[in-house]
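Novice: Predicted structure and sequence below. I'll ask about it afterward.
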Amino acid sequence: QELLELKTNRIPIFYIDANLQRNLIIPTTPVPAIAFDPSAQEGAIIPLKFATKWSSKAGVQVEWNIFDPKRKVEEQQKTLEIQKSQLDQQLSLQTWKNDATLAYASIVLATEQYKLTQEDTKLYEEIVGITKERYDAGREPSSNYITAQQELERHQIQLYESWSVLQEADQELRKYSNLDTTQYLTSNFEEIIQNLQNWDKTNYDIKTLEVDKSISELQLASVKRQLLPNLSFNGYLGEQYFSNELKLARTEEWFGNSFVNLALRIPLSGYFTTQPTVKKIALNRDLIDKQIQDIARNEEIENNQNHLKIVSTEKKIDSFKRIEALALQNKNEQQEAYKVGRILLTE
């Protein structure tokens, strides 16, 4: 809208100009007396009233700034500011997607933890059942049965805690999406990682600084263009009324008043006052260049660090998968051994 506002300033401005004035004291000016009396003494002056009690003016005024050296640069600057706002919007969207994806991943993780805690709790319920059967049959001491019940309660606590974590993750995701009609989240970690391959990796900080640099260059051009002449057109078509009585209907007391003019303004002092501004803008442009270089270098270092973390984490995951498989095998063997009574509850 600001850009459109600037563009509308190109067209001429037409407006009706009208006023009514009552002179309480008639203006007076001294004039040479000889202009009205040839016999007047040399150098004599007389007071002359040069207005009436009432005066009025009505007409149409037109103003047109034909050439303003700064206008084009200002429009270009507004266009760049639009680009900068669009970059801010895209950065906000990128940040939103990042935070929303982390919130979604937290729900996936919390869901997996809750399922595993449920399975673990169910396993201990079976263990307590087996222990109770042995205790009732006199083959298990009371202390082991009590210990088994205590352990089940601890797993129940873990189940409640994992459910609470899942609910907190659900509330966090609601900051980014309306889940009122959502019953199930179907994407798992593999799908999330796959989606991240097409992630927007644009560094909007650098993009914004590049636009700031272009704005600085335009500001520099604007300062230099201020030294160019400004050409404007002004015209008026109307009539003026002079009378000692307020009777606007008297046509004989209305007098035509019309003019057109072209005004050329050359800013002479600008040649001496713009140098500090030019140097300031140039320094700001150099500073933006250094900021862009600094961000790009830090981004490269951060990408290398992330790559190293990813490689290391992938190796850890492979090892954890092997450990998990061995732990599952060991758990199943111990569970079967406990069911048939070959190992103790503590084992």
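Specialist: Received, thanks. Numbering: from 1, shown residues only.

Novice: ok, residue 242 - contacts?
Specialist: Listed by C-beta atoms under 8 Å, 6 or more residues apart in numbering, the contact set of residue 242 reads 51, 52, 54, 55, 253, 255. Quick note: C-beta positions are derived from backbone N, CA and C, even for glycine.

Novice: With just CA atoms, put the one helix or strand it maps to into CSV.
Specialist: Taking DSSP states H and E as the definition, residue 242 sits inside strand 230-243. These are the backbone C-alpha positions of strand 230-243, laid out as CSV (Å, rounded to 0.1, in the frame of the first residue of the first chain):
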residue,chain,number,x,y,z
ASN,A,230,13.5,19.5,-9.2
LEU,A,231,10.9,20.6,-11.8
SER,A,232,7.3,21.4,-10.8
PHE,A,233,4.2,22.9,-12.5
ASN,A,234,1.6,25.0,-10.8
GLY,A,235,-1.5,26.5,-12.3
TYR,A,236,-4.6,28.4,-11.2
LEU,A,237,-7.8,29.4,-12.9
GLY,A,238,-10.3,31.5,-10.9
GLU,A,239,-11.5,35.0,-9.9
GLN,A,240,-10.9,37.4,-7.1
TYR,A,241,-13.5,39.6,-5.4
PHE,A,242,-12.7,43.1,-3.9
SER,A,243,-15.3,45.3,-2.3
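
Novice: strand partners of that strand, parallel vs antiparallel please.
Specialist: strand 54-67 (antiparallel), strand 254-265 (antiparallel) (DSSP bridges).

Novice: With adjacent residues omitted, what lies nearest to residue 41?
Specialist: Spatially, and ignoring its direct neighbours in sequence, residue 41 is nearest to residue 33 (7.4 Å; C-beta to C-beta, 6 or more residues apart in numbering).

Novice: residue contacts, the one you found?
Specialist: 40, 41, 44, 45, 46.

Novice: and which of the residues you listed is nearest residue 151?
Specialist: residue 45 (120.9 Å; C-beta to C-beta).

Novice: partners of that closest one in the sheet?
Specialist: Beta-bridge partners of residue 45, as defined by DSSP bridges: residue 32.

Novice: The residue nearest the centre of the chain: which element?
Specialist: Nearest to the mean C-alpha position of the chain, by C-alpha atoms, centre = their mean, lies residue 88 at 4.1 Å. Assessed by DSSP H and E, residue 88 sits inside helix 71-136.

Novice: gap between the residue in the chain sticking out farthest from the centre and residue 33?
Specialist: For the chain, the C-alpha lying farthest from the average C-alpha position belongs to residue 39; by C-alpha atoms, centre = their mean, that distance is 81.8 Å. Residue 39 sits 9 Å away from residue 33, going by C-beta to C-beta, to the nearest Å.

Novice: what does residue 11 give?
Specialist: Note on residue 11: its distance to residue 33, by C-beta to C-beta, is 52 Å.

Novice: ok, of the contacts of residue 242, which come out buried?
Specialist: 52, 54, 253 (16 or more other C-beta atoms under 10 Å).

Novice: Residue 168: which of those residues is nearest?
Specialist: Distance to residue 168, by C-beta to C-beta, is smallest for residue 54 among those, at 81.5 Å.
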